[in-house]
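K.L.:
no sequence on hand, only this structure:
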């Protein structure tokens with residue numbers, strides 16, 4: 001999978017990492033960071049679904065990568081539909097469809113447990129203390145001019161991700177920005193333009209074949 005496709009998967013992480021954590025600067029900072037993340041986590045668990053509009057970019061001087069685009073993601077429990085100009089992904093809890101408008105192909109697969117860990121916030125919520133260290137950086141101002149908390153996350157074990165910084169708005173406890181720094185020099189930034197509760201219908205998370213009659217179906221299951 002190329003770097004741009006990996007970045008599309010990184011977008012799916014912005015909620016996941018906005019609700020992760022566990023510790024290492026000082027006891028006070030650890031408690032503060034975990035408290036902040038728990039508030040965000042509770043919102044996700046209480047809402048019937050999330051509808052998020054975002055702006056994203058990926059940068060790497062070393063690899064000559066400079067991409068910017070906008071997109072949306074709708075999530076409900078472990079299901080989601082992600083739409084960007086270059087890729088559309090549907091996941092119904094079992095099966096995943098990835099549609100590439102450029103070549104009109106749909107790849108169908110059944111994600112493994114490790115792949116689902118990237119996509120499913122609830123799975124990550126259950127395991128965050130095992131997998132990540134979290135520390136409180138300080139306060140900043142979000143793109144919406146809201147006072148926000150900055151949280152840093154680092155994998156406990158060697159990972160392709162070097163560091164993640166999450167900006168969470170103080171009053172709403174909702175994520176405002178995610179910055180992912182990869183060990184291969186790729187820096188991905190997702191800025192949340194709008195996030196709201198929604199009640200999506202189940203059919204939204206399944207590939208709508210009738211809307212893409214010319215798509216070539218490639219079943220990889």
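P.N.:
In hand now; what should we look at? Nothing here was measured: the structure is a model prediction, and the numbers come from that model.
K.L.:
please, where are all the strands along this protein?
P.N.:
50-60, 65-76, 79-83, 88-91, 96-100, 105-109, 132-141, 147-155, 161-169, 175-182, 187-197, 216-219 (DSSP state E).
K.L.:
of all those strands, which one is nearest residue 204?
P.N.:
Nearest of the strands of the chain to residue 204, taken as Cβ to Cβ: strand 79-83 at 5.6 Å. (C-beta placed from N, C-alpha, C; glycine too.)
K.L.:
what is the neighbour count of the residue nearest to residue 107 when sequence neighbours are not counted?
P.N.:
Leaving aside its sequence neighbours, residue 107 sits nearest to residue 98 (Cβ to Cβ, 6 or more residues apart in numbering; 4.6 Å). Residues lying near residue 98 (other Cβ atoms under 10 Å) number 21.
K.L.:
circling back: dump the strands of the chain into JSON lines; add distance to residue 40 and mean pLDDT as well.
P.N.:
Compiled in JSON lines, the strands of the chain are given as follows (distance: least, Cβ to Cβ, whole Å; pLDDT from 0 to 100):
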{"stretch": "strand 50-60", "distance to residue 40": "11", "mean pLDDT": "88"}
{"stretch": "strand 65-76", "distance to residue 40": "14", "mean pLDDT": "88"}
{"stretch": "strand 79-83", "distance to residue 40": "17", "mean pLDDT": "89"}
{"stretch": "strand 88-91", "distance to residue 40": "22", "mean pLDDT": "92"}
{"stretch": "strand 96-100", "distance to residue 40": "25", "mean pLDDT": "93"}
{"stretch": "strand 105-109", "distance to residue 40": "30", "mean pLDDT": "95"}
{"stretch": "strand 132-141", "distance to residue 40": "12", "mean pLDDT": "87"}
{"stretch": "strand 147-155", "distance to residue 40": "9", "mean pLDDT": "87"}
{"stretch": "strand 161-169", "distance to residue 40": "6", "mean pLDDT": "85"}
{"stretch": "strand 175-182", "distance to residue 40": "6", "mean pLDDT": "85"}
{"stretch": "strand 187-197", "distance to residue 40": "11", "mean pLDDT": "89"}
{"stretch": "strand 216-219", "distance to residue 40": "37", "mean pLDDT": "96"}
